[in-house]
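In: What follows is a predicted structure for the sequence shown.
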Amino acid sequence: MVPPRTGVRGDAARRGVGAGICPKSGRFFAFGAKGAHHGAVDDEIVERVAATTGLTPAEAERVVGDVIAWYREPAETYVRRRHQTLKTHGVRNDAAFARIGAELAERVVAPPELSARQLRRIVYG
């Protein structure tokens, strides 16, 4: 396993922004500069989140970026990560794959429906 990267590196250092690891997806990202998470963050969404939550615009932008990064996680990565989490909590494979399939269907942008066999192949190859 690759150790998490911390600190300020590369282009992020030149722009004067911080860097970190998204705790849910494990993706490396920079924060502090406008749109640093994933390209352009919609200003209207950031303003709305800041106005309705009391967060500063920088904090709201970071929250919006984190949420977008969460939903950009590929289905295969989600299936592997979620399966590992469920196994850690003692959920058996049949129940885990049924649960993961139902969760995938509930995502904002749901992937095509996957059978238990397809989910098993994603996890075990």
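Out: Here it is on my side, so go on.
In: Tell me which residues of stretch 52-70 come out buried.
Out: Counting neighbours by 16 or more other CB atoms under 10 Å, one finds that the buried residues in stretch 52-70 are L55, A60, E61, R62, V63, V64, G65, D66, A69. Any C-beta I mention is one placed from the backbone N, CA and C, and that applies to glycine too.
In: Give me the contacts around stretch 74-81.
Out: Residues from elsewhere that reach stretch 74-81 (CB atoms under 8 Å, 6 or more residues apart in numbering): S25, E73, I100, L104, R107, P111, L114, L119, I122, V123.
In: Among these, name the buried ones.
Out: For those, buried by 16+ other CB under 10 Å: S25, E73, I100, L104, L114, L119, I122, V123.
In: possible to save those residues as JSON lines with pLDDT?
Out: Converted to JSON lines, those look like this (pLDDT from 0 to 100):
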{"residue": "S25", "pLDDT": "54"}
{"residue": "E73", "pLDDT": "87"}
{"residue": "I100", "pLDDT": "95"}
{"residue": "L104", "pLDDT": "91"}
{"residue": "L114", "pLDDT": "88"}
{"residue": "L119", "pLDDT": "92"}
{"residue": "I122", "pLDDT": "92"}
{"residue": "V123", "pLDDT": "93"}
